[in-house]
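Peer 1: coords please:
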Amino acid sequence: QVQLVESGGGLVQPGGSLRLSCAASGSIFSLNTMGWYRQAPGKQRELVATIAHGGSTDYADSVKGRFTISRDNAKTTVYLQMNSLKPEDTAVYYCNAGLQVLPDYKYVEVWGQGALVTVSS
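Peer 2: Now for the predicted structure:
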């Protein structure tokens with residue numbers, strides 16, 4: 001069984017910074033694309049950023065230049081550094097990963113439990 005465990009959410013003032021972490025654990029053969037999504041109250045879940053195994057990244061226009069996604073393949077962990085936070089960044093942030101699991105090398109997609117980020121003065 002594979003799981004993603006997130007940490008780092010919280011309350012921050014506008015203009016502040018937070019760093020989210022997401023660690024994958026379990027019977028993992030390979031960890032492919034990882035990403036962060038968010039869901040604000042009353043809105044649909046949306047893509048924030050993704051990072052491929054080789055390191056190529058993609059960002060939503062709303063966070064470009066403010067957020068940075070990175071990963072540590074040795075630690076099977078993905079990070080989201082969030083700077084210059086705005087009230088509209090308030091949401092539950094979910095980690096996502098595509099990976100192959102043992103023993104049958106099946107490809108699965110896994111979600112984390114979510115981390116609440118609140119940007120408010």
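Peer 1: Spatially central, which residue of this structure would that be?
Peer 2: residue 36 (2.9 Å; CA atoms, centre = their mean).
Peer 1: ok, that residue touching residue 91?
Peer 2: No - checked against CB atoms under 8 Å, the pair residue 36 and residue 91 is beyond contact range at 10.3 Å. (Glycine included, C-beta is placed from N, CA and C.)
Peer 1: Which parts of this structure are strands?
Peer 2: 3-7, 10-12, 18-25, 28-39, 46-51, 57-59, 67-72, 77-82, 91-101, 106-111, 115-119 (DSSP state E).
Peer 1: who touches the longest one?
Peer 2: The reference is to strand 28-39. Strand 28-39 is contacted by residues 2, 20, 22, 24, 45-53, 69, 71, 73, 76, 78, 80, 89, 91-102, 105, 114, 117 when judged by CB atoms under 8 Å, 6 or more residues apart in numbering.
Peer 1: where does this protein have low pLDDT?
Peer 2: Within the chain, not a single segment meets pLDDT under 70.
Peer 1: Tell me how far residue 90 lies from residue 61.
Peer 2: Distance from residue 90 to residue 61, counting by CB to CB, to the nearest Å: 18 Å.
Peer 1: My error: substitute residue 74 in the last question.
Peer 2: Separation of residue 74 from residue 61 (CB to CB) stands at 31 Å.
Peer 1: now swap in residue 26 and tell me
Peer 2: 34 Å.
Peer 1: Same drill for these two, tell me which one is more crowded.
Peer 2: residue 26 (13 against 6; other CB atoms under 10 Å).
Peer 1: surely the more buried one meets residue 4?
Peer 2: No - with contact defined as CB under 8 Å, residue 26 does not reach residue 4; the gap is 9.3 Å.
Peer 1: Surely residue 68 is in contact with residue 51?
Peer 2: No - with contacts counted by CB under 8 Å, residue 68 stays clear of residue 51, the gap being 9.8 Å.
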